[in-house]
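**Q** Fold the stuff below for me.
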Amino acid sequence: PRYTLVVTLGGRVVAHETARAPGQVEFGPISSLAARTRAPLRVRLTDTHGRVAEDEIVISFNTSFHRALKWILAVPVLALAAAIAFAPASPDGEATLLGL
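**A** Below is the predicted model of the structure:
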């Protein structure tokens, strides 16, 4: 028996494998779309007799993660800078942070 497996992402073939026996098929790295978007991931299996099994799922590449990442990094830095800037001075003239 011979099985042909084709994986498409957004209408573009990203993997094409032929297997000689049923079971699991492993691929190397699969390239993704160049832009952040939503796209259908379609897996199509064709056997020796021409029977086709197909499955599809719509996946979304995180389109706003870069914005969230900026805030995840900026908020702690800004909070620490504000804490240092508004820390009360100790009697010997050095700033104390959070009363330590």
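**Q** Contact partners for V25?
**A** With contact set as Cβ atoms under 8 Å, 6 or more residues apart in numbering, V25 has these partners: Y3, L5, E17, A19. Where you see a C-beta, it was placed from the backbone N, CA and C, and this is true even at glycine.
**Q** What about it? Give its phi and psi, please.
**A** The phi/psi pair for V25 (degrees, to the nearest 10) reads phi -120, psi 130.
**Q** and it, what pLDDT?
**A** Per-residue confidence (pLDDT) for V25: 79.
**Q** next one: S31
**A** For S31, pLDDT reads 68.
**Q** can you pull out the strands in the chain?
**A** 3-9, 12-19, 38-46, 52-60 (DSSP state E).
**Q** List just the one of these that sits closest to E26.
**A** Among these, the nearest to E26 by Cβ to Cβ is strand 12-19 (8.6 Å).
**Q** tell me how far that closest one is from the chain's mean position?
**A** Offset of strand 12-19 from its chain centre (Cα atoms, centre = their mean, to the nearest Å): 21 Å.
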